[in-house]
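A.B. asks: Provided below for reference: sequence and predicted model.
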Amino acid sequence: MARMLSAHSTPSRAGSREWIGLAVLTLPCLVYAMDLTVLNLAVPQLTQQLKPSAAELLWMLDIYGFLVAGALVTMGTLGDRIGRRRLLMIGAAAFGLASLAAAFATSATQLIVARAVLGLAGATLAPSTLSLIRNMFHDETERRSAIAVWIASFSAGTALGPVLGGLLLEHYWWGSVFLINVPVMALLLVLGLWLLPEYRDPAAGRLDLASTVLSLSAVLAVIYGVKQVASTGFSPEALAASLLGFALGVVFLRRQRQLVHPFVDLALFRRPAFRAALLVNLSGAFFIAGIHLFVAQFLQLVLGLSPLTAALWLLPSALAFILGSGVVPALAHRWSPRRLMTAGLLLAALGFVVLLFVGAGGSLWVVVIALTVFSFGFTPVASLTTDLVVTSAPAERAGAAAALSETAFEFGGALGIALLGSLGAVLYRARVLAALPEGLDTEAAAAAVGTLGGAVAVAAAVPRLADALLATARQAFIDGMLASAALGVLCLLLLAWHVSRVLREPD
(Lines give C-alpha, C1' and ligand atoms only; values in the text may rest on other atoms or scores of the structure.)
Protein backbone atom coordinates (compact mmCIF):
# COMPACT_ATOMS: atom_id res chain seq x y z
CA MET A 1 0.00 0.00 0.00
CA ALA A 2 1.15 3.53 -0.68
CA ARG A 3 2.61 5.43 2.23
CA MET A 4 0.15 7.87 3.80
CA LEU A 5 0.98 11.55 4.12
CA SER A 6 0.35 13.86 7.00
CA ALA A 7 -0.77 17.40 6.33
CA HIS A 8 2.74 18.86 6.68
CA SER A 9 5.03 15.95 5.77
CA THR A 10 7.38 15.78 2.81
CA PRO A 11 5.79 13.69 0.06
CA SER A 12 6.98 10.10 0.29
CA ARG A 13 9.11 8.68 -2.50
CA ALA A 14 7.85 5.78 -4.57
CA GLY A 15 9.50 2.41 -4.14
CA SER A 16 10.16 -0.45 -6.55
CA ARG A 17 6.62 -1.77 -6.02
CA GLU A 18 5.09 1.47 -7.30
CA TRP A 19 7.37 1.63 -10.36
CA ILE A 20 6.72 -2.01 -11.27
CA GLY A 21 3.03 -1.30 -10.73
CA LEU A 22 3.33 1.59 -13.18
CA ALA A 23 4.68 -0.83 -15.79
CA VAL A 24 1.61 -2.99 -15.19
CA LEU A 25 -0.65 0.03 -15.65
CA THR A 26 0.77 0.69 -19.10
CA LEU A 27 -0.58 -2.65 -20.37
CA PRO A 28 -4.27 -1.67 -20.56
CA CYS A 29 -3.33 1.73 -21.98
CA LEU A 30 -1.53 0.04 -24.87
CA VAL A 31 -4.49 -2.12 -25.90
CA TYR A 32 -6.99 0.70 -25.26
CA ALA A 33 -5.18 2.88 -27.81
CA MET A 34 -4.60 0.03 -30.24
CA ASP A 35 -8.30 -0.83 -30.38
CA LEU A 36 -9.19 2.69 -31.50
CA THR A 37 -7.48 2.13 -34.86
CA VAL A 38 -6.67 -1.55 -35.29
CA LEU A 39 -10.01 -2.43 -36.93
CA ASN A 40 -9.60 0.11 -39.75
CA LEU A 41 -7.12 -2.05 -41.68
CA ALA A 42 -9.32 -5.12 -41.28
CA VAL A 43 -12.32 -3.53 -43.00
CA PRO A 44 -11.73 -5.10 -46.46
CA GLN A 45 -11.48 -8.63 -45.02
CA LEU A 46 -14.39 -8.46 -42.59
CA THR A 47 -16.56 -6.80 -45.25
CA GLN A 48 -16.06 -9.81 -47.50
CA GLN A 49 -16.80 -12.34 -44.75
CA LEU A 50 -19.52 -10.67 -42.66
CA LYS A 51 -21.10 -8.66 -45.52
CA PRO A 52 -22.27 -5.72 -43.36
CA SER A 53 -24.48 -2.97 -44.69
CA ALA A 54 -23.05 0.55 -44.91
CA ALA A 55 -24.76 1.47 -41.63
CA GLU A 56 -23.51 -1.69 -39.89
CA LEU A 57 -19.95 -1.03 -41.05
CA LEU A 58 -20.11 2.49 -39.65
CA TRP A 59 -21.31 1.16 -36.28
CA MET A 60 -18.55 -1.47 -36.24
CA LEU A 61 -15.95 1.27 -36.54
CA ASP A 62 -17.56 3.89 -34.30
CA ILE A 63 -19.36 2.08 -31.47
CA TYR A 64 -16.13 1.46 -29.53
CA GLY A 65 -15.15 5.14 -29.45
CA PHE A 66 -18.75 6.21 -28.80
CA LEU A 67 -19.12 4.12 -25.67
CA VAL A 68 -15.61 4.87 -24.39
CA ALA A 69 -16.37 8.58 -24.56
CA GLY A 70 -19.87 8.24 -23.16
CA ALA A 71 -18.97 6.06 -20.17
CA LEU A 72 -15.74 7.76 -18.99
CA VAL A 73 -17.34 10.06 -16.42
CA THR A 74 -19.49 7.26 -15.02
CA MET A 75 -16.57 4.83 -14.80
CA GLY A 76 -14.28 7.39 -13.20
CA THR A 77 -16.86 8.09 -10.52
CA LEU A 78 -17.63 4.39 -10.08
CA GLY A 79 -13.94 3.70 -9.47
CA ASP A 80 -13.86 6.30 -6.70
CA ARG A 81 -16.75 4.47 -5.05
CA ILE A 82 -16.00 0.76 -5.44
CA GLY A 83 -12.21 0.94 -5.70
CA ARG A 84 -9.99 1.80 -8.64
CA ARG A 85 -8.13 -1.50 -8.73
CA ARG A 86 -11.39 -3.45 -8.51
CA LEU A 87 -12.88 -1.51 -11.40
CA LEU A 88 -9.68 -1.97 -13.42
CA MET A 89 -9.77 -5.73 -12.87
CA ILE A 90 -13.46 -5.93 -13.82
CA GLY A 91 -12.79 -3.86 -16.93
CA ALA A 92 -9.76 -5.97 -17.91
CA ALA A 93 -11.73 -9.21 -17.62
CA ALA A 94 -14.62 -7.79 -19.64
CA PHE A 95 -12.20 -6.43 -22.25
CA GLY A 96 -10.54 -9.82 -22.69
CA LEU A 97 -13.85 -11.69 -23.01
CA ALA A 98 -15.28 -9.12 -25.42
CA SER A 99 -12.09 -9.39 -27.53
CA LEU A 100 -12.64 -13.14 -27.84
CA ALA A 101 -16.26 -12.56 -28.85
CA ALA A 102 -15.21 -9.98 -31.46
CA ALA A 103 -12.48 -12.22 -32.89
CA PHE A 104 -14.89 -15.09 -33.51
CA ALA A 105 -17.98 -13.07 -34.48
CA THR A 106 -19.92 -14.67 -37.32
CA SER A 107 -22.22 -11.76 -38.13
CA ALA A 108 -22.12 -7.99 -38.28
CA THR A 109 -24.51 -7.77 -35.32
CA GLN A 110 -22.30 -9.95 -33.13
CA LEU A 111 -19.25 -7.82 -33.93
CA ILE A 112 -21.12 -4.59 -33.18
CA VAL A 113 -22.27 -5.94 -29.79
CA ALA A 114 -18.76 -7.17 -28.97
CA ARG A 115 -17.27 -3.79 -29.90
CA ALA A 116 -19.87 -2.07 -27.69
CA VAL A 117 -18.83 -4.19 -24.70
CA LEU A 118 -15.20 -3.42 -25.55
CA GLY A 119 -16.05 0.29 -25.41
CA LEU A 120 -17.71 0.03 -22.00
CA ALA A 121 -14.79 -2.02 -20.68
CA GLY A 122 -12.29 0.37 -22.26
CA ALA A 123 -13.91 3.29 -20.44
CA THR A 124 -12.78 1.74 -17.14
CA LEU A 125 -9.12 1.63 -18.13
CA ALA A 126 -7.97 5.24 -18.54
CA PRO A 127 -9.56 6.81 -15.43
CA SER A 128 -8.66 3.79 -13.26
CA THR A 129 -5.01 3.75 -14.31
CA LEU A 130 -4.56 7.51 -14.11
CA SER A 131 -6.24 7.83 -10.71
CA LEU A 132 -4.10 4.96 -9.37
CA ILE A 133 -1.01 6.86 -10.52
CA ARG A 134 -2.33 9.92 -8.66
CA ASN A 135 -2.45 7.90 -5.44
CA MET A 136 0.70 5.82 -5.94
CA PHE A 137 3.07 8.71 -6.64
CA HIS A 138 2.96 11.56 -4.11
CA ASP A 139 6.21 13.29 -5.02
CA GLU A 140 5.52 15.91 -7.70
CA THR A 141 8.51 15.05 -9.89
CA GLU A 142 7.88 11.32 -9.69
CA ARG A 143 4.19 11.78 -10.43
CA ARG A 144 4.98 13.82 -13.55
CA SER A 145 7.41 11.11 -14.66
CA ALA A 146 4.75 8.45 -14.10
CA ILE A 147 2.13 10.42 -16.04
CA ALA A 148 4.65 10.90 -18.86
CA VAL A 149 5.11 7.12 -19.02
CA TRP A 150 1.32 6.69 -18.96
CA ILE A 151 0.92 9.07 -21.92
CA ALA A 152 3.79 7.38 -23.77
CA SER A 153 1.99 4.04 -23.46
CA PHE A 154 -1.02 5.49 -25.29
CA SER A 155 1.29 6.83 -28.01
CA ALA A 156 2.95 3.44 -28.32
CA GLY A 157 -0.44 1.75 -28.64
CA THR A 158 -1.52 4.23 -31.31
CA ALA A 159 1.68 3.54 -33.24
CA LEU A 160 1.59 -0.24 -32.80
CA GLY A 161 -2.09 -0.62 -33.69
CA PRO A 162 -1.85 -0.09 -37.47
CA VAL A 163 1.57 -1.77 -37.79
CA LEU A 164 0.74 -4.86 -35.74
CA GLY A 165 -2.69 -5.03 -37.32
CA GLY A 166 -1.17 -4.88 -40.80
CA LEU A 167 1.29 -7.66 -40.00
CA LEU A 168 -1.42 -9.91 -38.57
CA LEU A 169 -3.74 -9.32 -41.51
CA GLU A 170 -1.04 -10.37 -43.95
CA HIS A 171 -0.86 -13.83 -42.32
CA TYR A 172 -4.13 -14.45 -40.45
CA TRP A 173 -7.85 -13.71 -40.60
CA TRP A 174 -9.35 -10.39 -39.56
CA GLY A 175 -10.32 -11.59 -36.06
CA SER A 176 -6.65 -11.96 -35.13
CA VAL A 177 -6.44 -8.20 -34.52
CA PHE A 178 -8.62 -8.71 -31.43
CA LEU A 179 -6.85 -11.78 -30.06
CA ILE A 180 -3.73 -9.73 -29.19
CA ASN A 181 -5.79 -8.14 -26.40
CA VAL A 182 -6.41 -11.41 -24.57
CA PRO A 183 -2.91 -12.27 -23.25
CA VAL A 184 -2.30 -8.64 -22.31
CA MET A 185 -5.45 -8.47 -20.21
CA ALA A 186 -4.72 -11.89 -18.66
CA LEU A 187 -1.28 -10.62 -17.62
CA LEU A 188 -2.87 -7.49 -16.15
CA LEU A 189 -5.30 -9.58 -14.08
CA VAL A 190 -2.49 -11.72 -12.66
CA LEU A 191 0.02 -8.95 -11.93
CA GLY A 192 -2.54 -6.26 -11.01
CA LEU A 193 -3.97 -8.15 -8.06
CA TRP A 194 -0.45 -8.67 -6.73
CA LEU A 195 1.23 -5.32 -7.42
CA LEU A 196 -1.46 -2.64 -7.51
CA PRO A 197 -2.85 -1.10 -4.32
CA GLU A 198 -6.55 -0.45 -3.82
CA TYR A 199 -7.93 3.06 -3.38
CA ARG A 200 -11.45 4.33 -2.98
CA ASP A 201 -13.23 7.34 -1.55
CA PRO A 202 -14.03 6.34 2.07
CA ALA A 203 -16.88 8.85 2.21
CA ALA A 204 -18.38 8.10 -1.20
CA GLY A 205 -22.13 7.96 -1.42
CA ARG A 206 -24.28 5.79 -3.64
CA LEU A 207 -23.91 6.02 -7.40
CA ASP A 208 -26.61 8.33 -8.75
CA LEU A 209 -28.29 6.40 -11.56
CA ALA A 210 -29.92 9.51 -13.02
CA SER A 211 -26.49 11.16 -13.38
CA THR A 212 -25.18 7.98 -15.01
CA VAL A 213 -27.94 8.02 -17.64
CA LEU A 214 -27.63 11.77 -18.21
CA SER A 215 -23.83 11.78 -18.63
CA LEU A 216 -23.84 8.76 -20.93
CA SER A 217 -26.71 10.09 -23.04
CA ALA A 218 -25.27 13.60 -23.29
CA VAL A 219 -21.83 12.49 -24.43
CA LEU A 220 -23.17 9.84 -26.82
CA ALA A 221 -25.55 12.31 -28.45
CA VAL A 222 -22.91 15.00 -28.98
CA ILE A 223 -20.30 12.53 -30.23
CA TYR A 224 -22.86 10.96 -32.57
CA GLY A 225 -23.76 14.39 -33.92
CA VAL A 226 -20.19 15.38 -34.70
CA LYS A 227 -19.45 11.94 -36.18
CA GLN A 228 -22.44 12.37 -38.51
CA VAL A 229 -21.01 15.69 -39.63
CA ALA A 230 -17.68 13.98 -40.30
CA SER A 231 -19.20 11.16 -42.36
CA THR A 232 -22.14 12.79 -44.18
CA GLY A 233 -21.80 16.54 -43.62
CA PHE A 234 -24.13 18.88 -41.77
CA SER A 235 -27.69 17.59 -41.57
CA PRO A 236 -30.83 18.07 -39.44
CA GLU A 237 -30.14 14.70 -37.79
CA ALA A 238 -26.60 15.70 -36.77
CA LEU A 239 -27.77 19.08 -35.48
CA ALA A 240 -30.64 17.54 -33.50
CA ALA A 241 -28.34 14.97 -31.90
CA SER A 242 -25.79 17.59 -30.90
CA LEU A 243 -28.43 19.95 -29.48
CA LEU A 244 -30.01 17.09 -27.53
CA GLY A 245 -26.61 16.18 -26.14
CA PHE A 246 -25.87 19.73 -25.01
CA ALA A 247 -29.33 20.00 -23.43
CA LEU A 248 -28.81 16.76 -21.49
CA GLY A 249 -25.37 18.02 -20.48
CA VAL A 250 -26.94 21.14 -18.98
CA VAL A 251 -29.42 19.01 -17.04
CA PHE A 252 -26.55 16.81 -15.85
CA LEU A 253 -24.54 19.80 -14.57
CA ARG A 254 -27.57 21.28 -12.80
CA ARG A 255 -28.18 17.96 -11.08
CA GLN A 256 -24.58 17.89 -9.84
CA ARG A 257 -25.21 21.10 -7.87
CA GLN A 258 -27.99 19.33 -5.96
CA LEU A 259 -26.12 16.14 -5.04
CA VAL A 260 -24.17 15.63 -1.83
CA HIS A 261 -21.79 13.32 -3.72
CA PRO A 262 -21.75 14.64 -7.31
CA PHE A 263 -20.12 12.94 -10.29
CA VAL A 264 -18.30 16.16 -11.16
CA ASP A 265 -17.04 18.67 -8.61
CA LEU A 266 -18.09 21.89 -10.34
CA ALA A 267 -15.91 23.92 -7.97
CA LEU A 268 -12.90 22.66 -9.94
CA PHE A 269 -14.01 24.73 -12.93
CA ARG A 270 -13.54 27.90 -10.90
CA ARG A 271 -9.79 27.31 -11.03
CA PRO A 272 -8.22 28.99 -14.08
CA ALA A 273 -5.43 26.39 -14.29
CA PHE A 274 -7.97 23.54 -14.36
CA ARG A 275 -10.01 25.20 -17.11
CA ALA A 276 -6.88 25.96 -19.11
CA ALA A 277 -5.67 22.35 -18.79
CA LEU A 278 -8.96 20.92 -20.10
CA LEU A 279 -9.00 23.47 -22.94
CA VAL A 280 -5.47 22.52 -23.99
CA ASN A 281 -6.30 18.80 -23.85
CA LEU A 282 -9.38 19.28 -25.98
CA SER A 283 -7.60 21.52 -28.48
CA GLY A 284 -4.58 19.26 -28.77
CA ALA A 285 -6.74 16.20 -29.47
CA PHE A 286 -8.74 18.31 -31.95
CA PHE A 287 -5.73 19.00 -34.15
CA ILE A 288 -4.02 15.63 -33.63
CA ALA A 289 -7.10 13.72 -34.81
CA GLY A 290 -8.00 16.20 -37.54
CA ILE A 291 -4.54 16.40 -39.11
CA HIS A 292 -3.99 12.65 -38.92
CA LEU A 293 -7.25 12.22 -40.84
CA PHE A 294 -5.72 14.23 -43.68
CA VAL A 295 -2.25 12.71 -43.44
CA ALA A 296 -3.51 9.11 -43.58
CA GLN A 297 -5.29 9.89 -46.86
CA PHE A 298 -2.38 11.96 -48.19
CA LEU A 299 0.08 9.11 -47.74
CA GLN A 300 -2.19 6.54 -49.42
CA LEU A 301 -4.23 8.47 -52.01
CA VAL A 302 -1.75 11.19 -52.98
CA LEU A 303 1.60 9.41 -52.56
CA GLY A 304 0.21 5.92 -53.27
CA LEU A 305 1.59 4.11 -50.21
CA SER A 306 0.02 0.90 -48.89
CA PRO A 307 -1.72 1.05 -45.47
CA LEU A 308 1.13 -0.79 -43.76
CA THR A 309 3.82 1.38 -45.38
CA ALA A 310 1.87 4.50 -44.45
CA ALA A 311 1.65 3.29 -40.85
CA LEU A 312 5.41 2.72 -40.77
CA TRP A 313 6.05 6.28 -41.98
CA LEU A 314 3.89 7.55 -39.12
CA LEU A 315 6.07 5.79 -36.56
CA PRO A 316 8.53 8.71 -36.14
CA SER A 317 5.76 10.98 -34.87
CA ALA A 318 4.63 8.31 -32.41
CA LEU A 319 8.22 7.82 -31.25
CA ALA A 320 8.46 11.59 -30.78
CA PHE A 321 5.53 11.35 -28.37
CA ILE A 322 7.35 8.64 -26.44
CA LEU A 323 10.68 10.51 -26.40
CA GLY A 324 8.95 13.76 -25.52
CA SER A 325 7.37 12.05 -22.53
CA GLY A 326 10.83 11.01 -21.38
CA VAL A 327 12.24 14.54 -21.34
CA VAL A 328 9.39 16.03 -19.30
CA PRO A 329 10.82 15.15 -15.86
CA ALA A 330 14.26 16.56 -16.75
CA LEU A 331 12.84 19.78 -18.18
CA ALA A 332 10.43 20.17 -15.26
CA HIS A 333 13.44 20.56 -12.92
CA ARG A 334 14.56 23.65 -14.83
CA TRP A 335 11.37 25.19 -16.18
CA SER A 336 8.05 25.93 -14.55
CA PRO A 337 4.92 24.24 -15.96
CA ARG A 338 3.87 27.58 -17.42
CA ARG A 339 7.12 28.07 -19.31
CA LEU A 340 7.37 24.43 -20.41
CA MET A 341 3.77 24.28 -21.65
CA THR A 342 4.13 27.59 -23.51
CA ALA A 343 7.33 26.40 -25.22
CA GLY A 344 5.72 23.08 -26.10
CA LEU A 345 2.71 24.74 -27.71
CA LEU A 346 4.99 27.04 -29.72
CA LEU A 347 6.99 24.02 -30.93
CA ALA A 348 3.76 22.23 -31.85
CA ALA A 349 2.71 25.30 -33.85
CA LEU A 350 6.09 25.17 -35.63
CA GLY A 351 5.28 21.61 -36.69
CA PHE A 352 2.14 22.85 -38.44
CA VAL A 353 4.15 25.65 -40.06
CA VAL A 354 6.40 22.94 -41.58
CA LEU A 355 3.28 21.16 -42.85
CA LEU A 356 2.36 24.26 -44.84
CA PHE A 357 5.26 23.47 -47.20
CA VAL A 358 3.66 20.23 -48.39
CA GLY A 359 3.23 19.96 -52.16
CA ALA A 360 1.47 17.47 -54.41
CA GLY A 361 4.59 15.45 -55.23
CA GLY A 362 7.51 14.11 -53.21
CA SER A 363 6.49 15.69 -49.89
CA LEU A 364 6.75 12.59 -47.72
CA TRP A 365 9.62 13.85 -45.59
CA VAL A 366 7.92 17.21 -45.06
CA VAL A 367 4.88 15.44 -43.60
CA VAL A 368 7.01 13.16 -41.41
CA ILE A 369 9.09 16.06 -40.06
CA ALA A 370 6.01 18.22 -39.46
CA LEU A 371 4.17 15.54 -37.47
CA THR A 372 7.31 14.63 -35.54
CA VAL A 373 7.95 18.25 -34.50
CA PHE A 374 4.30 18.67 -33.50
CA SER A 375 4.32 15.45 -31.48
CA PHE A 376 7.56 16.28 -29.68
CA GLY A 377 6.24 19.74 -28.83
CA PHE A 378 2.81 18.70 -27.61
CA THR A 379 3.91 15.79 -25.42
CA PRO A 380 5.17 17.91 -22.48
CA VAL A 381 1.95 19.90 -22.72
CA ALA A 382 -0.22 16.78 -22.50
CA SER A 383 1.76 15.43 -19.54
CA LEU A 384 1.58 18.65 -17.56
CA THR A 385 -2.08 19.39 -18.29
CA THR A 386 -3.02 15.84 -17.24
CA ASP A 387 -1.08 16.32 -14.01
CA LEU A 388 -2.84 19.66 -13.42
CA VAL A 389 -6.26 18.07 -13.90
CA VAL A 390 -5.80 15.06 -11.61
CA THR A 391 -4.03 17.02 -8.85
CA SER A 392 -6.65 19.76 -8.84
CA ALA A 393 -9.12 17.30 -7.32
CA PRO A 394 -8.83 15.72 -3.87
CA ALA A 395 -7.12 12.32 -3.91
CA GLU A 396 -10.41 10.54 -3.20
CA ARG A 397 -11.98 12.09 -6.34
CA ALA A 398 -9.02 11.42 -8.63
CA GLY A 399 -11.04 8.95 -10.72
CA ALA A 400 -13.66 11.53 -11.63
CA ALA A 401 -10.97 14.12 -12.43
CA ALA A 402 -9.07 11.63 -14.61
CA ALA A 403 -12.31 10.89 -16.47
CA LEU A 404 -12.78 14.60 -17.21
CA SER A 405 -9.27 14.77 -18.67
CA GLU A 406 -9.92 11.76 -20.90
CA THR A 407 -13.36 13.04 -21.92
CA ALA A 408 -11.75 16.30 -23.09
CA PHE A 409 -9.38 14.27 -25.28
CA GLU A 410 -12.26 12.18 -26.69
CA PHE A 411 -14.39 15.24 -27.43
CA GLY A 412 -11.45 17.03 -28.99
CA GLY A 413 -10.65 14.09 -31.25
CA ALA A 414 -14.26 13.70 -32.40
CA LEU A 415 -14.61 17.43 -33.05
CA GLY A 416 -11.30 17.54 -34.91
CA ILE A 417 -12.34 14.78 -37.30
CA ALA A 418 -15.80 16.30 -37.80
CA LEU A 419 -14.94 19.99 -38.14
CA LEU A 420 -11.54 19.83 -39.84
CA GLY A 421 -12.82 17.00 -42.01
CA SER A 422 -15.81 19.14 -42.98
CA LEU A 423 -13.57 22.13 -43.71
CA GLY A 424 -11.43 19.96 -45.97
CA ALA A 425 -14.50 18.50 -47.67
CA VAL A 426 -15.96 21.94 -48.43
CA LEU A 427 -12.69 23.22 -49.92
CA TYR A 428 -12.14 20.00 -51.85
CA ARG A 429 -15.61 20.06 -53.38
CA ALA A 430 -15.34 23.73 -54.40
CA ARG A 431 -11.89 23.31 -56.00
CA VAL A 432 -12.76 20.11 -57.89
CA LEU A 433 -16.08 21.49 -59.15
CA ALA A 434 -14.29 24.54 -60.52
CA ALA A 435 -11.75 22.50 -62.49
CA LEU A 436 -13.49 19.18 -63.21
CA PRO A 437 -12.33 17.75 -66.56
CA GLU A 438 -14.96 17.56 -69.28
CA GLY A 439 -16.15 14.19 -70.44
CA LEU A 440 -17.26 12.61 -67.14
CA ASP A 441 -20.81 11.31 -66.79
CA THR A 442 -22.98 12.50 -63.90
CA GLU A 443 -22.31 9.51 -61.65
CA ALA A 444 -18.53 9.65 -62.13
CA ALA A 445 -18.47 13.41 -61.62
CA ALA A 446 -20.41 13.08 -58.36
CA ALA A 447 -17.99 10.42 -57.09
CA ALA A 448 -14.94 12.53 -58.01
CA VAL A 449 -16.37 15.64 -56.36
CA GLY A 450 -17.36 13.74 -53.21
CA THR A 451 -13.99 12.47 -51.94
CA LEU A 452 -10.40 12.03 -53.03
CA GLY A 453 -10.90 8.26 -52.83
CA GLY A 454 -13.80 8.61 -55.24
CA ALA A 455 -11.64 10.62 -57.63
CA VAL A 456 -8.91 7.96 -57.55
CA ALA A 457 -11.50 5.27 -58.37
CA VAL A 458 -12.94 7.31 -61.25
CA ALA A 459 -9.44 7.96 -62.61
CA ALA A 460 -8.77 4.21 -62.68
CA ALA A 461 -12.04 3.64 -64.59
CA VAL A 462 -11.48 6.52 -67.07
CA PRO A 463 -7.76 6.40 -67.97
CA ARG A 464 -7.95 9.12 -70.64
CA LEU A 465 -8.93 11.69 -67.99
CA ALA A 466 -6.88 10.23 -65.15
CA ASP A 467 -3.95 12.66 -65.19
CA ALA A 468 -6.07 15.81 -65.27
CA LEU A 469 -8.57 14.52 -62.71
CA LEU A 470 -5.95 13.27 -60.25
CA ALA A 471 -3.93 16.48 -60.48
CA THR A 472 -7.03 18.54 -59.71
CA ALA A 473 -8.35 16.29 -56.95
CA ARG A 474 -5.02 15.84 -55.18
CA GLN A 475 -4.26 19.55 -55.19
CA ALA A 476 -7.78 20.30 -53.90
CA PHE A 477 -7.28 17.78 -51.08
CA ILE A 478 -3.91 19.29 -50.19
CA ASP A 479 -5.47 22.76 -50.11
CA GLY A 480 -7.92 21.51 -47.46
CA MET A 481 -5.10 19.97 -45.44
CA LEU A 482 -3.08 23.20 -45.60
CA ALA A 483 -6.08 25.25 -44.51
CA SER A 484 -6.45 23.00 -41.45
CA ALA A 485 -2.72 23.32 -40.71
CA ALA A 486 -2.90 27.11 -40.95
CA LEU A 487 -5.84 27.11 -38.53
CA GLY A 488 -3.76 24.88 -36.24
CA VAL A 489 -0.88 27.38 -36.24
CA LEU A 490 -3.21 30.22 -35.23
CA CYS A 491 -5.01 28.27 -32.50
CA LEU A 492 -1.83 26.83 -30.98
CA LEU A 493 -0.27 30.29 -30.81
CA LEU A 494 -3.41 31.58 -29.06
CA LEU A 495 -3.27 28.64 -26.64
CA ALA A 496 0.39 29.40 -25.88
CA TRP A 497 -0.53 32.99 -25.08
CA HIS A 498 -3.47 31.87 -22.92
CA VAL A 499 -1.35 29.40 -20.94
CA SER A 500 1.40 31.95 -20.33
CA ARG A 501 -1.23 34.38 -19.05
CA VAL A 502 -3.27 32.01 -16.89
CA LEU A 503 -0.53 29.97 -15.20
CA ARG A 504 1.02 32.68 -13.08
CA GLU A 505 3.10 30.62 -10.68
CA PRO A 506 6.61 31.98 -10.05
CA ASP A 507 9.25 30.78 -12.48
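C.D. replies: Perfect, thanks for sending it. Fair warning: this is a prediction, and the values are worked out from it, not measured in the lab.

A.B. asks: after the lowest-mean-pLDDT helix or strand in the chain comes which helix or strand?
C.D. replies: Each helix and strand of the chain was given a mean pLDDT (mean pLDDT, DSSP states H and E); the minimum falls on helix 43-50 at a mean of 72. Using DSSP states H and E, the helix or strand that follows helix 43-50 in sequence is helix 54-82.

A.B. asks: so what does that following helix touch, helix or strand wise?
C.D. replies: helix 16-37, helix 43-50, helix 84-103, helix 108-136, helix 209-232, helix 398-415 (3 or more C-beta pairs under 8 Å, 6 or more residues apart in numbering; DSSP states H and E). Any C-beta I mention is one placed from the backbone N, CA and C, and that applies to glycine too.

A.B. asks: For those, give me CSV that also has distance to Val389 and mean neighbour count.
C.D. replies: Output for the helices and strands packed on helix 54-82, formatted as CSV (distance: least, C-beta to C-beta, whole Å; neighbours: other C-beta atoms under 10 Å):
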stretch, distance to Val389, mean neighbour count
helix 16-37, 16, 21
helix 43-50, 35, 14
helix 84-103, 16, 22
helix 108-136, 9, 25
helix 209-232, 17, 20
helix 398-415, 4, 26
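
A.B. asks: Just send these back as CSV, with distance to Leu469 too.
C.D. replies: Shown next, in CSV, are those (distance: least, C-beta to C-beta, whole Å):
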stretch, distance to Leu469
helix 16-37, 30
helix 43-50, 24
helix 84-103, 39
helix 108-136, 34
helix 209-232, 24
helix 398-415, 32
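
A.B. asks: Select, out of these, the one closest to Gly284.
C.D. replies: Among those, helix 398-415 comes nearest to Gly284, with 6.7 Å by C-beta to C-beta.

A.B. asks: now the angle from that closest one to helix 108-136?
C.D. replies: Orientation of helix 398-415 against helix 108-136 (axes from the mean of the first three to the mean of the last three C-alpha atoms, to 10 degrees) gives an angle of 130 degrees.

A.B. asks: Can you name the next helix or strand after helix 398-415?
C.D. replies: helix 421-434.

A.B. asks: next structured bit after that following helix?
C.D. replies: Past helix 421-434, the next helix or strand by DSSP H and E is helix 442-450.

A.B. asks: Would you mind telling me which of the helices and strands packed on helix 54-82 is nearest Phe252?
C.D. replies: Checked against C-beta to C-beta, the stretch from the helices and strands packed on helix 54-82 lying closest is helix 209-232, at 4.0 Å.

A.B. asks: what ranges of the stretch 51-200 of the chain fall below the confidence cut-off?
C.D. replies: With pLDDT under 70 as the threshold, the stretch 51-200 of the chain has low-confidence stretches at 54-55, 58.

A.B. asks: other SSEs contacting the least confident helix or strand of the chain?
C.D. replies: helix 54-82, helix 108-136.

A.B. asks: Redo those helices as TSV? Include distance to Val367.
C.D. replies: What follows is the helices and strands packed on helix 43-50, written out as TSV (distance: least, C-beta to C-beta, whole Å):
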stretch	distance to Val367
helix 54-82	24
helix 108-136	29
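
A.B. asks: Outline the domain layout of the protein.
C.D. replies: As assigned by automatic domain parsing, the chain contains the domains 15-202, 209-258, 264-507.

A.B. asks: which parts of the longest helix along the chain are buried?
C.D. replies: For the chain, the helix reaching the highest residue count under DSSP state H is reported as helix 466-502. By 16 or more other C-beta atoms under 10 Å, the buried positions in helix 466-502 come out as 466, 469-470, 472-478, 480-485, 487-489, 491-492, 495-496, 498-500, 502.

A.B. asks: Please work out the angle formed by the directions of it and helix 421-434.
C.D. replies: 150 degrees.

A.B. asks: Report the angle between helix 466-502 and helix 442-450.
C.D. replies: Using the same axes, to 10 degrees: helix 466-502 against helix 442-450 is 30 degrees.
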